[in-house]
Every structure is written in C-alpha cells, then in structure tokens.
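Q: The sequence isn't on hand, but the structure is:
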C-alpha cells in the first residue's frame, strides 16, 4: 500500500507529465490568443506612412481596445537632451471601430471590437529628425520613436524593398526585416510589394506581421502595396469578385488619389520623395483605369528618378496564368513604362528572384551598356518556387533579358540614391550580398548606363540549397 507521501509524489509527477511531457501545439486561434494579439489600452500595431509632401507631412496609425475613445500623437524635434518632449505638440487622432466578429469565432465577445486610430502630422520641417509617441493623452502611451523628414532638395538616401512576406511571417519573415535594418540602419522608408500576409482577413496573421516588424514599422515610413492575398480568396469564384481585406484601410493611412474608382482608394497612390517619384499601382482591380493615372503621374516634371511598384509582375520568372495581369493591362503598363523610360519596376508574387532589364543586354543598338528600365521580382518570405528558364526566354522578343536569378532564398533589397547614381543591392536573409548593380544617369539626356556588380557567388537553386516541403511551390 502506498504511503501518503508516495501518493503525493505520484500526483505531482503525473501532473507534470500532463503539463510538460508532450509538445505544445499551436493554439486554436478561434478562441485562444497570445497576449500580443489582444488589443488593450496600450497602443500597438503602429505604422508610419507618407501622406502628401514627404518633407513636411506623415501619417501614423495604431490600434487599441475600445476603452480608448480619444487618442493623440505627441511629436517634437528630436534633441539629444532628455527634455526634448517639453517642445512636443499634440495632434488629435481620428478613431475608427472595427468589428472582428466576422473574422474571429471565440467565446470572448469583448475581443471582437477594436479601435484603430490615425493622425496626419503636418507643418513639419524638412530634413529634420522627429520623435513621436501615440496614446490616450493620459497614461497609456507608446515609447518615443524617431524618423527623419525628407529634404526639400535632392540629397543621398536609401530605402528597403521587400517582396512577398506572406507565410509564417512571425516566425520566418521577422529575421529578414531585422537583418535589413542591421544592413541599412539609415534607410528612410520600406516598400512592401504585396502579399504581406497569406489570408487577407486573418487578424492573427496581421498580428504576426506587425510583431515581426515591431518598432521598425513605426520608424521606417512604409509604402504598402496591395497583392492578391490582401483580397479574400474564399467564397468567390472569380478573382475580380473577391473583396479586399477589411483590415487594410484601418491599418494603413494612405492618401486617396482623386478621380479613381472607389475600389482603388488607398491602394493606388504616388510618393514623391526629394527627386524620386514612386508610383504605387493595384494589380488586382480596375487595372486598365490605372494606365491613365500612371501617365498622369509620369508627366509631372521635377523628378530625376522614377519608380513604379505593383504586385503581379510584367516579366515573371514563373508561369502563373491564373494569377497574373490581364494581357491587355500588361501590355499597356509595359508600353507606358517604356514610353517614359521608368528607371525601376519593383514587383512580387512569384516567390522567386529575378532581376532583368529592357532593352536586352545583347541588343544590337545598345552602346556603353545602356538600359531603359530595370525590372525586379523578389520574395522575402519562406514560400518559394522554382524559376522557369524556358518561360523567361519568351520575353526576349520584347527586348527583356534576365541578369540574375535565384530560388529557395529569402531576400531583401537596399536601393541607394546618390545624385546621378542608383545603387541596387540584393541581400539574402543572412545579410550576404547576392546581386548588385549601379545605374548612372545623365539627367539632361536621360541616357542610363548600368554596371553589373554581381558577386562571384553561384546562382542559388533548389538543387544546391536545403530543400524542405513546407511552403514550396513545385
């Protein structure tokens, strides 16, 4: 017969086994939440965006629970002394309630509704470092975060470009955005070329995306580009019938481009940063209508560099007819980009890496390594697919040739603008340089030359890298 002490030890041991002996599975998001997913009176999911003149304006968005009815931003020029905040001014935020009840099935109805707050920061000084925080105006404040406004004249700067994050973002994309910050700590903004997450209305996935970027989303001014996974896939037979994520507009405060269809609002816009123009397009909706918008923007004078970004590629490393630009739109956009000699086009979607150019490097009339436009497709998340050389060869008739390709690799790109030079670098998730080029441009003639700076590294393929079965598109 067991003694009472032996019996107590037995109970403790079996209890320990029940709690810790087996692996803990991912929680069921339908009713159980991690603490950083749950809205509270404390600000979270902060995101900084452009909203008008980049030298004098910004917008910031964040989330709380519904107990915060009124919210504020405090902003001051950043000084070395700790009393910088004494010069802060307050800006009242706009508050929007979002009901997540249709997205989250849980037994805690109080978690269904959240508040998103947004404020436009105006009358800032050019080329000035600012510190700001967001909160309820009393006790619940974020930390102070710093950003620098653009200069009101051309000046060297750099930015980061990410292809699709999309899958397993919290776990495996977080290392990419953080390595990007280590590699280019002075970068002024970050461009996200669509498919930020996998399921458009998954609040849990958005929570992972915001946590992966943490304060970087609030420090780097962001340029979010809508992709096909920002549209709900279930319940719609045709892609054109799918609805955009109900969280896109509450989370990102983006200017509305007047004259465009309402379904394009806050997804089609233009950022003007010093002497650089960046046109953001929506490759999912009313694409033909955007051709005119793009030309209207490209006609504006005063920019030495012009970039265009959208999700579905013009020149794709993989054949994906089901998810692609309509043929007519692809031709319209390609021809418009050629007409105005856009310098670079940044794209995503294909879960592989491709950098190429128009006209072809082997074009007979190409002198001194001249080029018209650099095209890039990239991926920053873990979902990967193999490039298809035969498919890419089809583009040769259009004057496009590929320069550098990769598979099964997470990337980020750093673009530096320094006078008449644009320096392009693609890094792996480990911070290793994989691809590089320098474009020099004569602003008077518009003639551009490119110097390939590709490091002596073997092309990365599924055959010479570690393969796994999880997210591969094969």
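A: On my side now, so go ahead. This is a predicted model, so every value here is computed, not measured.
Q: quick one, strands of the stretch 201-350 of the chain?
A: Taking DSSP state E, counting those that start in this stretch, the strands of the stretch 201-350 of the chain run over residues 221-224, 269-273, 276-280, 305-309, 344-347.
Q: Give me the buried positions along the third one.
A: Just to be clear, that refers to strand 276-280. For strand 276-280, the neighbour count (16 or more other CB atoms under 10 Å) marks 276-280 as buried. To be clear about C-beta, it is placed using only N, CA and C from the backbone, and glycine gets the same treatment.
Q: that older thread, as TSV, the strands of the stretch 201-350 of the chain with distance to residue 122 would be great.
A: Output for those, formatted as TSV (distance: least, CB to CB, whole Å):
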stretch	distance to residue 122
strand 221-224	15
strand 269-273	16
strand 276-280	21
strand 305-309	25
strand 344-347	28
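Q: Could you provide those in a markdown table, with additional columns for distance to residue 145 and mean pLDDT?
A: Shown next, in a markdown table, are those (distance: least, CB to CB, whole Å; pLDDT from 0 to 100):
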| stretch | distance to residue 145 | mean pLDDT |
| --- | --- | --- |
| strand 221-224 | 11 | 98 |
| strand 269-273 | 19 | 98 |
| strand 276-280 | 23 | 98 |
| strand 305-309 | 25 | 98 |
| strand 344-347 | 26 | 98 |
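Q: where does residue 404 land in three-state SS?
A: What DSSP: H, G, I helix; E, B strand; the rest coil gives for residue 404 is strand.
Q: For the residue most central in space within the chain, give me phi and psi.
A: Using CA atoms, centre = their mean, the residue of the chain that lies closest to the mean C-alpha position is residue 192, 1.7 Å off. The phi and psi torsions at residue 192 (degrees, to the nearest 10) take the values phi -110, psi 110.
Q: So what sits opposite it in the bridge?
A: Bridge pairing for residue 192 (DSSP bridges) gives the partners residue 162, residue 224.
Q: show me what contacts it?
A: For residue 192, the contact set (CB atoms under 8 Å, 6 or more residues apart in numbering) comprises 162, 165, 222-225.
Q: my guess is residue 278 meets residue 305, correct?
A: No: judged on CB atoms under 8 Å, residue 278 makes no contact with residue 305 at a distance of 9.0 Å.
Q: For residue 178, which non-adjacent residue is spatially closest?
A: residue 216 (7.5 Å; CB to CB, 6 or more residues apart in numbering).
Q: do the same with residue 172
A: That would be residue 382: by CB to CB, 6+ apart, it lies 4.5 Å from residue 172.
Q: The stretch 51-200 of the chain: strands as residue ranges?
A: Using DSSP E, counting those that start in this stretch, strands in the stretch 51-200 of the chain cover 58-64, 72-77, 89-92, 94-99, 113-121, 129-135, 145-148, 157-162, 189-192.
Q: could I get those strands as a markdown table with mean pLDDT and distance to residue 176?
A: Formatted as a markdown table, the strands of the stretch 51-200 of the chain follow (pLDDT from 0 to 100; distance: least, CB to CB, whole Å):
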| stretch | mean pLDDT | distance to residue 176 |
| --- | --- | --- |
| strand 58-64 | 98 | 23 |
| strand 72-77 | 98 | 29 |
| strand 89-92 | 98 | 32 |
| strand 94-99 | 96 | 28 |
| strand 113-121 | 97 | 26 |
| strand 129-135 | 98 | 26 |
| strand 145-148 | 98 | 21 |
| strand 157-162 | 98 | 7 |
| strand 189-192 | 98 | 11 |
